[in-house]
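**Student:** Below: sequence and its predicted model.
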Amino acid sequence: MLKKRGFMMIQDLIQRGVSQKDVTKQLGVHPKTVRRAVRRGCAPKGPWPRRGAALDPYKPQIDALLAEGVWSAVVILCEIQAQGHKSCYTSVKDYVRPKRVLRPGGATVRFETEPGRPAQLD
C-alpha cells in the first residue's frame, strides 16, 4: 500500500514533468500504483478501522459454557446458533482451542492387583 511519503514523491516527480513510466522505474512501484496516485490527487487515508469478529457478541456466553465444563466446540456452536449466531464451526474451534489448557484435568484412579493375582480379562 502506498504511504503518504510515497504519494508525495510521486506527486513531486509528476509536477517536475517526469513521465509516469519513469516514475515507476525510479520508485520501483507498479504502473497502476502511479496511475492511481495521479488520478486520486490527494494522499491516501489511514488504514481502515478494524471490524469486530462475528463471534465477539457471543464470547461471554462461550466463556460461561466453558466455565460450566462444556468444552466441545460442536456443542458450543449449537448453543450459540440457537441464539442467532451465523458463523462457522472453525471460528468457535479457534476461539476455544487456546483455552483448553485451562481445562481442569480429570483425576485418574489406577487399579492394580497384587503380584501373582491376575486381573479380570474380558
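**Tutor:** Now that the structure is in, tell me what you want to look at.

**Student:** For the protein, just list every one of the helices.
**Tutor:** Ranges of helices in the chain, per DSSP state H, are 4-16, 20-27, 31-40, 59-68, 73-82, 89-96.

**Student:** out of those helices, which comes closest to Pro49?
**Tutor:** Pro49 lies closest, by CB to CB, to one member of the helices of the chain: helix 4-16, at 18.2 Å. Yep, even glycine has a C-beta here, placed from its N, CA and C like the rest.

**Student:** And the protein, what are its domain boundaries?
**Tutor:** Domain assignment for the chain, taken from automatic domain parsing, gives 4-40, 56-101.

**Student:** just to revisit the earlier point, include mean pLDDT when you put the helices of the chain into TSV, please.
**Tutor:** Shown next, in TSV, are those (pLDDT from 0 to 100):
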stretch	mean pLDDT
helix 4-16	89
helix 20-27	92
helix 31-40	90
helix 59-68	92
helix 73-82	92
helix 89-96	92
